[in-house]
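# sequence? don't have it. structure:
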């Protein structure tokens, strides 16, 4: 979290600005990062809105730039700006999904989580982070290197934010139901499964000071347990990972991050493994033929030309 030097903040004149700006300012204060405001709209309706917001933040001492752009959809516009500005974090307020549209299309927030190379913070609640519970959800059953790196990122981000907000970090991992027919005897009993999962979490507990009382190893599907435990703990932020690949399989199967987005009460921070980030950056890189279209569909309001310090 402390390595973020440029944060993309997606704003909308139709939504209250205090909710998303409160989160953006807290992160900017902690990381000394530059804030790049983005309005996703093909019409120039946000000129005065963006200018007023930028001026207000600059008067409070923040480094800010602003832009209005449109690249065919909101998630494509956000990713284009994230890549162009080199943003290490995207902050966006969650829009409740229309049930009918959700049945026909993949919601834009789902697409953003799936295709955005950087971590994405989805703001859902007005509850302050200060003094609150931060829940880091991992899959301790997956112990390959890719997952262990992702798990370390999830818990370390949760730890950083808990430290920043003066809150308390909890860890959660869902485990499968016991199966008497399982080839490995460990997975035949609930007690042995939980012991295995707790053993795999010990390294993270020691590194990030998570007591046994704040480690939750629960039986059941992750997409059900994560919202349940987050609600039970009254978590203000849930940190999760996304390892789903892009393409048809990802569209059909989805992943836990997408499935629980609408059921979580808390804000949600979604991270990805490094190899997927690299792949998504390659997919997001604009081709030379689209550079002219990009310039034509984007209007910056960076009149003070503030840039982040490197």
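Okay, I see it. None of these values were measured; they are calculated from a predicted model.
# if I look at residue 219, how far off is residue 225?
Distance of residue 219 to residue 225, given as CB to CB, to the nearest Å: 8 Å. For every residue, glycine as well, the C-beta is placed using N, CA and C.
# Would you mind telling me which of the two has the busier surroundings?
Set residue 219 next to residue 225 and count neighbours by other CB atoms under 10 Å: residue 225 wins out with 20 against 13.
# pretty sure residue 235 is touching residue 170, no?
Yes: the pair residue 235 and residue 170 passes the contact test of CB atoms under 8 Å, sitting 7.4 Å apart.
# Can you work out which residues contact both of those two?
By CB atoms under 8 Å, 6 or more residues apart in numbering, residue 235 and residue 170 have these common neighbours: 133, 134, 135, 229.
# tell me which element the last one is part of?
Under DSSP states H and E, the secondary-structure element containing residue 229 is helix 222-233.
# Can you name every helix or strand that that helix contacts?
strand 133-138, strand 168-175, strand 215-219, strand 235-241, helix 256-260 (3 or more CB pairs under 8 Å, 6 or more residues apart in numbering; DSSP states H and E).
# Looking at the ones you listed, spot the one closest to residue 50.
strand 235-241 (26.9 Å; CB to CB).
# ranges for the strands of the protein?
Using DSSP state E, the strands of the chain run over 6-11, 34-40, 64-69, 89-93, 120-123, 133-138, 168-175, 215-219, 235-241, 267-271, 298-300.
# Would you mind listing the buried residues in stretch 32-39?
Neighbour counts over stretch 32-39 (16 or more other CB atoms under 10 Å) mark 33, 34, 35, 36, 37, 38, 39 as buried.
# how near is the last one to residue 269?
Think residue 39. For residue 39, the distance to residue 269 (CB to CB) stands at 23 Å.
# residue boundaries of the helices in the chain?
17-31, 47-59, 74-85, 99-104, 108-115, 145-165, 190-208, 222-233, 248-253, 256-260, 274-284, 291-296 (DSSP state H).
# Adding mean pLDDT and distance to residue 10, write these out as CSV.
As requested, the helices of the chain are arranged in CSV below (pLDDT from 0 to 100; distance: least, CB to CB, whole Å):
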stretch, mean pLDDT, distance to residue 10
helix 17-31, 93, 8
helix 47-59, 92, 12
helix 74-85, 95, 6
helix 99-104, 66, 19
helix 108-115, 87, 9
helix 145-165, 90, 19
helix 190-208, 92, 30
helix 222-233, 95, 23
helix 248-253, 41, 22
helix 256-260, 79, 18
helix 274-284, 64, 16
helix 291-296, 41, 18
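# Let me have the ones you listed in TSV, extended by distance to residue 122.
As requested, these are exported to TSV (distance: least, CB to CB, whole Å):
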stretch	distance to residue 122
helix 17-31	10
helix 47-59	20
helix 74-85	12
helix 99-104	16
helix 108-115	6
helix 145-165	14
helix 190-208	23
helix 222-233	13
helix 248-253	18
helix 256-260	9
helix 274-284	17
helix 291-296	25
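# how about those, which one is nearest residue 239?
helix 145-165 (4.5 Å).
# List the buried residues in the closest one.
Across helix 145-165, burial judged by 16+ other CB under 10 Å covers 147-148, 150-151, 153-165.
# swap in stretch 59-71?
Going by neighbour count (16+ other CB under 10 Å), the buried part of stretch 59-71 is 62, 63, 64, 65, 66, 67, 68, 69, 70, 71.
# thinking the second one is in contact with residue 31, fair?
No: no contact is recorded between residue 63 and residue 31 when judged using CB under 8 Å, the distance being 11.4 Å.
# ok, and what's touching the helix holding residue 229?
133, 135, 137, 139, 170, 172, 174, 216, 218, 235, 238, 240, 256, 259-260, 263-266.
# So what angle separates the directions of it and strand 215-219?
With axes from the mean of the first three to the mean of the last three CA atoms, to 10 degrees defining the directions, helix 222-233 sits at 130 degrees from strand 215-219.
# Out of the helices of the chain, flag the one nearest residue 129.
helix 145-165 (4.0 Å).
# which one is residue 30 nearest to, not counting chain neighbours?
Spatial nearest neighbour of residue 30, excluding adjacent residues (CB to CB, 6 or more residues apart in numbering): residue 164 at 4.7 Å.
# how close does that neighbour get to residue 63?
19 Å.
# Count the residues that sit near residue 177.
Count around residue 177 with other CB under 10 Å applied: 10.
# I meant residue 198, not that one.
16.
# Then residue 203?
Using other CB under 10 Å, residue 203 has 13 neighbouring residues.
# again with residue 18
Other residues close to residue 18 by other CB under 10 Å number 9.
# if I pick it, what's in contact with it?
Neighbours of residue 18 in contact, by CB under 8 Å, 6+ apart: none.
# Find me the pLDDT at residue 247, would you?
Residue 247 is assigned 48 on the pLDDT scale.
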